[in-house]
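Participant: need a 3D model of the following:
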Amino acid sequence: METFSLKGKTLFITGASRGIGLAIALRAAREGANVAIAAKTVEPNPKLPGTIYTAAQEIEAAGGSALPLQCDIRFEEQVQEAVAKTVAQFGGIDVCINNASAISITLTTQTDMKRYDLMNQINARGTFVCSKATIPHLAKAENPHILNLAPPLDMQARWFIDEEVLVAQGVTDLSAYAYDPKSPLMPDFFVPDAVIARSRTKLLPLPV
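Facilitator: Numbering: from 1, shown residues only. As a prediction, the model looks like this:
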């Protein structure tokens, strides 16, 4: 079976100096990808490790090519400049990964407007700006993608999923919902494992 390879592909990843963004970059680097690191941090912070330069070193050590770009995605001109430098360095962009985000785990009444504005500027506006800036280049790519990352939807509230609704109605064979009845159904990434396990115990095995 033919598998998709990132070798020689160029990924524009926001917030890739650390965390999930860097993890994605390193995974792509192991396949020989080019990675543009669009992030703000250029000076080491003892409380928050990782800069665009340390990330570049890790990416190149993993087998990829890296371009560290200081970029605050709240500002359109910085995004446009970062995209232009990426295209100049690697000849195009194949994937835009909107990973940079800001979050405040606080109640509405305890969330100040400065934090609220920051979340909207980065999560919503920043994602839009980066997508808009890369689309003209993605349109020239052979297999272009935009990947938007979001936090899991599990806030420890009560779940109500399709399998449990069907089971309650007496439906225990879900093979009719599979694209390939011979393959097991793929669980939803946003559903906690405990919920999946609880639901699976009530179902008959899918045909093998």
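Participant: now for the most centrally placed residue in the chain: which residues touch it?
Facilitator: For the chain, the residue nearest the mean C-alpha position is residue 149 (3.6 Å; Cα atoms, centre = their mean). By Cβ atoms under 8 Å, 6 or more residues apart in numbering, the contact set of residue 149 is 20, 97-99, 101. From N, CA and C alone the C-beta is placed, and that goes for glycine too.
Participant: restricted to buried residues, select those in PyMOL.
Facilitator: Applying 16 or more other Cβ atoms under 10 Å to the contacts of residue 149, the buried members can be selected in PyMOL as follows:
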select buried, resi 97+98+99+101
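Participant: make TSV out of the contacts of residue 149 and add secondary structure.
Facilitator: Output for these, formatted as TSV (DSSP: H, G, I helix; E, B strand; the rest coil):
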residue	secondary structure
20	helix
97	strand
98	strand
99	coil
101	coil
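Participant: quick one on the thing from earlier: so what's the residue nearest to the centre of the chain scoring on pLDDT?
Facilitator: Residue 149 is assigned a pLDDT of 89 by the prediction.
Participant: where do the helices sit along this protein?
Facilitator: With helices called from DSSP state H, the chain shows them at 19-29, 52-61, 76-90, 113-119, 127-138, 162-168, 193-200.
Participant: identify the residues contacting stretch 44-63?
Facilitator: Residues contacting stretch 44-63 (Cβ under 8 Å, 6+ apart): 16-19, 22, 25-26, 29-32, 35, 37, 39, 41-43, 65-70.
Participant: what about 10 Å?
Facilitator: 7, 11, 13, 16-19, 21-22, 25-43, 64-71 (Cβ atoms under 10 Å, 6 or more residues apart in numbering).
Participant: and stretch 144-160, how far apart are its ends?
Facilitator: 34 Å (Cα to Cα, to the nearest Å).
Participant: and if you look at stretch 59-72?
Facilitator: Using Cα to Cα, one end of stretch 59-72 lies 21 Å from the other.
Participant: how many residues are close by residue 121?
Facilitator: If you count neighbours by other Cβ atoms under 10 Å, residue 121 ends up with 16.
Participant: re earlier: PyMOL command for the buried members of the contacts of stretch 44-63?
Facilitator: Of the contacts of stretch 44-63, the buried ones can be selected in PyMOL as follows, counting by 16+ other Cβ under 10 Å:
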select buried, resi 11+13+16+17+18+21+22+25+26+28+29+33+34+35+36+37+38+39+40+41+64+65+66+67+68+69+70+71
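Participant: the contacts of stretch 44-63 in strands, which ones?
Facilitator: Of the contacts of stretch 44-63, the ones assigned to strands by DSSP state E are 11, 13, 34-39, 65-70.
Participant: turn these into TSV, columns for pLDDT.
Facilitator: Formatted as TSV, the ones in strands among the contacts of stretch 44-63 follow (pLDDT from 0 to 100):
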residue	pLDDT
11	98
13	98
34	98
35	98
36	98
37	98
38	98
39	97
65	98
66	98
67	98
68	98
69	98
70	98
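Participant: can you lay out those as a markdown table showing distance to residue 78?
Facilitator: Output for the ones in strands among the contacts of stretch 44-63, formatted as a markdown table (distance: Cβ to Cβ, whole Å):
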| residue | distance to residue 78 |
| --- | --- |
| 11 | 18 |
| 13 | 15 |
| 34 | 20 |
| 35 | 18 |
| 36 | 13 |
| 37 | 14 |
| 38 | 9 |
| 39 | 11 |
| 65 | 22 |
| 66 | 19 |
| 67 | 15 |
| 68 | 14 |
| 69 | 9 |
| 70 | 8 |
